[in-house]
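Colleague: quick one: sequence plus predicted model below, questions after.
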Amino acid sequence: MNILTNSPLPDAFINFLNNNGLDPSIYTSADTLPRYIRLKPGYEEKLNDIEEELGCKLTLVDWLPNFYSLPPRVHIANSSVYQLGKLYGIDAASGAAVSALNIAPGDHVLDLCAKLCMILELLGDSGSVTGVDVARHRLAACRTMVQKYGLGNHCRLFVADGTSFSVVPTRVSEASESSDESTLGKKLDIFKEWTSKRPWKERKNAEKARKANLSHLTTQIRDPEMIFYGRHSGVIGCTKDELYQIYSDDELSHRGYDKVLVDAECTHDGSIRHVQKFEHWGWETLQRRVLDAERTDDLTNLQFRLLSNGFRLLKAGGLLIYSTCSLTVSQNEGVIERFLLENSSAELQEIDGSHSWPCKSGRIPKTLRFDPLTSQTSGLFVAKFAKLST
């Protein structure tokens with residue numbers, strides 16, 4: 001049986017899998033694992049035309065609305081249906097994690113690692129989505145995507161460290177009321193409608209701040225850098241001081257986000273296609289990025305801090321999803337156990353509708369694990385928390 005393509009997995013990786021109770025055979029399905037797309041609502045009637053252009057049959061995923069599977073060797077990037085924003089690629093397991101948030105109209109959602117398009121579609125024409133990523137290039141790609149799919153009206157994007165991000169959702173009514181009061185008798189720097197052509201002074205200050213941060217002349221940029229905001233994201237009419245106002249943990253319990261998604265940085269060992277890349281990058285790169293114990297320790301600490309800060313920004317009664325595309329215990333159940341010990345107001349919850357999902361239970365009850373053999377998806381761990389009132 002071939003593993004990945006024709007190259008066997010290195011012994012060090014086999015040992016890594018065995019130490020984590022993972023079956024190496026999950027990596028035998030690279031050539032048969034389907035790809036997944038989500039159709040934008042309203043394009044279901046065009047399914048035959050889409051299939052004709054892609055040159056393949058799309059199979060409805062019966063456990064996840066608006067998702068379709070397609071053969072693994074079909075690529076959508078050069079198709080007009082993709083370029084015109086009628087569909088986008090997203091693995092079904094990742095879609096399940098977003099679905100588990102139970103997003104409702106009017107919700108204010110924080111996404112600490114960017115699954116923006118699906119969240120914005122589920123949100124509709126109310127509420128807001130705040131996307132945060134420490135990597136500017138990833139967030140810039142997200143900005144391109146939400147603009148391409150016409151989903152940016154209720155979105156704002158910040159280049160920031162998700163472990164310390166503190167910007168709360170801004171209600172449109174609050175923004176307009178506060179700006180009316182604060183502009184009496186004086187001229188303030190108020191956010192106007194977004195334009196990619198920022199004033200020269202603003203560009204110069206942003207570049208100066210980035211250089212200062214990169215050269216470690218300062219320990220932290222004072223404010224996260226907002227690289228996009230939509231017309232109805234609650235930003236227009238705010239001043240900078242209002243947008244970046246800091247609130248206490250007690251205030252966050254009623255001013256925080258309704259829903260939070262923490263799709264944390266990880267070793268990506270659950271993604272067959274990611275592991276497959278090491279055949280080209282070199283298995284020594286896998287040793288450094290996946291197997292190195294010091295890096296794994298750093299990652300689990302990062303994951304814990306992302307989860308903790310996302311939960312801090314969640315309002316009482318709100319819901320949080322923690323997910324990774326690692327299948328290791330340390331990056332999933334280990335992080336969850338530590339988090340629950342330190343957060344008495346966190347309650348692990350059953351994921352609605354998951355009884356029909358093709359996945360296994362995690363080592364902690366109520367958590368879920370997708371894997372290529374069981375689920376015909378990429379590997380993913382998912383846990384759902386509610387924030388109790390204290």
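Modeller: Nice, I can see it.

Colleague: pull the number of nearby residues for residue 145.
Modeller: 17 (other CB atoms under 10 Å). C-betas here are computed from N, CA, C, even on glycine.

Colleague: which residues touch it?
Modeller: By CB atoms under 8 Å, 6 or more residues apart in numbering, the contact list for residue 145 reads 88, 116-117.

Colleague: can you pull the buried residues of stretch 88-107?
Modeller: Across stretch 88-107, burial judged by 16 or more other CB atoms under 10 Å covers 88, 90-101, 103, 107.

Colleague: got it, and stretch 225-241?
Modeller: Buried, per 16+ other CB under 10 Å, within stretch 225-241: 226-230, 232-239.

Colleague: that stretch - what's its average pLDDT?
Modeller: Confidence for stretch 225-241, expressed as mean pLDDT, is 94.

Colleague: isn't residue 118 right up against residue 89?
Modeller: No: judged on CB atoms under 8 Å, residue 118 makes no contact with residue 89 at a distance of 11.1 Å.

Colleague: now the strands for the stretch 151-300 of the chain?
Modeller: Assigned by DSSP state E, counting those that start in this stretch, the stretch 151-300 of the chain shows strands spanning 155-159, 225-229, 257-263.

Colleague: got the buried residues of stretch 225-241 as CSV, with distance to residue 25 columns?
Modeller: CSV is the format used below for the buried residues of stretch 225-241 (distance: CB to CB, whole Å):
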residue, distance to residue 25
226, 46
227, 43
228, 43
229, 47
230, 45
232, 48
233, 46
234, 49
235, 49
236, 53
237, 56
238, 53
239, 57
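
Colleague: just give me the closest of those residues to residue 281.
Modeller: Closest approach between the buried residues of stretch 225-241 and residue 281, by CB to CB: residue 227, at 29.3 Å.

Colleague: give the closest residue to the closest one in space, chain neighbours not counted.
Modeller: Distances taken as CB to CB, 6 or more residues apart in numbering place residue 157 nearest to residue 227, at 5.3 Å, with adjacent residues excluded.

Colleague: compute the number of surrounding residues for residue 115.
Modeller: So residue 115, with other CB under 10 Å, has 22 neighbours.

Colleague: hmm, it is touching residue 99, no?
Modeller: No: when contacts are counted by CB under 8 Å, residue 115 is not listed as touching residue 99 (10.5 Å).

Colleague: quick one: residues contacting the residue nearest to residue 227.
Modeller: Residue 157 neighbours (CB under 8 Å, 6+ apart): 130-132, 139, 142-143, 226-229.

Colleague: swap in 7 Å and give it another go.
Modeller: Residue 157 sits next to 131, 139, 142-143, 226-228 when contact means CB atoms under 7 Å, 6 or more residues apart in numbering.

Colleague: go through those residues and name the one nearest residue 344.
Modeller: residue 131 (29.4 Å).

Colleague: in the sheet, who's paired with that closest one?
Modeller: residue 111, residue 157 (DSSP bridges).

Colleague: wait, it touches residue 116, no?
Modeller: Yes: counting by CB atoms under 7 Å, residue 116 is a contact partner of residue 131 at 5.2 Å.

Colleague: between the two, tell me which one has more neighbours.
Modeller: Each of residue 131 and residue 116 has its neighbours counted (other CB under 10 Å); residue 131 has more, 28 against 24.

Colleague: list the contacts of the more buried one.
Modeller: By CB under 7 Å, 6+ apart, the contact set of residue 131 is 111, 114, 116, 139, 142, 155, 157.

Colleague: how about 10 Å then?
Modeller: Residue 131 makes contact with 109-116, 119-120, 138-139, 142-143, 146, 155-160, 227-228, 261, according to CB atoms under 10 Å, 6 or more residues apart in numbering.

Colleague: try residue 142
Modeller: 111, 114-117, 131, 133, 155, 157, 227-228.

Colleague: including distance to residue 66, could those residues go into JSON lines?
Modeller: Shown next, in JSON lines, are the contacts of residue 142 (distance: CB to CB, whole Å):
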{"residue": "111", "distance to residue 66": "19"}
{"residue": "114", "distance to residue 66": "19"}
{"residue": "115", "distance to residue 66": "14"}
{"residue": "116", "distance to residue 66": "16"}
{"residue": "117", "distance to residue 66": "12"}
{"residue": "131", "distance to residue 66": "21"}
{"residue": "133", "distance to residue 66": "25"}
{"residue": "155", "distance to residue 66": "19"}
{"residue": "157", "distance to residue 66": "24"}
{"residue": "227", "distance to residue 66": "28"}
{"residue": "228", "distance to residue 66": "25"}
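
Colleague: fine by me, we can end here.
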